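Student: What shape does this take:
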Amino acid sequence: MYFHLVFDSNDYVNSNLNRFDRNAAKKYRYCCSPTKLIPLSTLPQEVTEEEVVNHVQDHGVMLNTKVFEMNGKKQAMVQFENEEEAVEALVCKHATNLGGSVIRISFYQLQMI
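Tutor: Take a look at the predicted model:
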């Protein structure tokens, strides 16, 4: 039996943004529990902290934001007041356009040693 899932009017079944389309065992490591902290990646190089804030501010109270560069790529971290707000921001803003780039949002994964 095949189920075709559509969320928030976006169909990710055949999209390269579908992180679980094939080789699910390998991608399972990217699954984690919701957190208050969400990283945003694939940001345009010229993005500002203000643009990031404006993009996600409708989804909750943000306690902290930081835009930085890692390995030559612009990224951001946004901390919400609670996990529910972070979940809403992820669901509503993942794979949306910001400054001409389709952004990716996930939950922050703490590395346990």
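
Student: Residues contacting the lengthiest helix in the chain, please?
Tutor: For the chain, the helix with the greatest residue count under DSSP state H is helix 83-93. Here helix 83-93 makes contact (C-beta atoms under 8 Å, 6 or more residues apart in numbering) with 7-8, 34-38, 55-56, 59-61, 78, 80, 103, 105-107. C-beta coordinates here come from the backbone N, C-alpha and C atoms, glycine included.

Student: Helix or strand next in line after that helix, which one?
Tutor: strand 97-98 (DSSP states H and E).

Student: And the helices in the chain?
Tutor: For the chain, applying DSSP H gives helices covering 24-27, 49-56, 83-93.

Student: In CSV: the ones you listed, plus mean pLDDT.
Tutor: Output for the helices of the chain, formatted as CSV (pLDDT from 0 to 100):
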stretch, mean pLDDT
helix 24-27, 56
helix 49-56, 98
helix 83-93, 95
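
Student: In TSV: those, plus distance to Thr42 and mean neighbour count.
Tutor: As requested, the helices of the chain are exported to TSV (distance: least, C-beta to C-beta, whole Å; neighbours: other C-beta atoms under 10 Å):
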stretch	distance to Thr42	mean neighbour count
helix 24-27	17	9
helix 49-56	13	17
helix 83-93	12	18
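
Student: Select, out of those helices, the one closest to Gly99.
Tutor: Across the helices of the chain, Gly99 has its closest neighbour in helix 49-56 (6.4 Å, C-beta to C-beta).

Student: For that closest one, give me every contacting residue.
Tutor: Contacts of helix 49-56 (C-beta under 8 Å, 6+ apart): 40, 43, 62, 65-67, 76, 78, 89, 93, 96, 98-99, 103.

Student: Out of those, who's the most crowded?
Tutor: Val78 (30 neighbours; other C-beta atoms under 10 Å).

Student: With Gly60 as the reference, measure out to it.
Tutor: Applying C-beta to C-beta, to the nearest Å, the value for Val78 to Gly60 is 10 Å.

Student: Also Val53?
Tutor: Val53 is 12 Å from Gly60, by C-beta to C-beta.

Student: Just the pLDDT at the nearest residue to Gln79 once chain neighbours are set aside, thanks.
Tutor: Among residues not flanking Gln79 along the chain, Asn64 sits closest, at 4.3 Å (C-beta to C-beta, 6 or more residues apart in numbering). Listed pLDDT for Asn64 reads 97.
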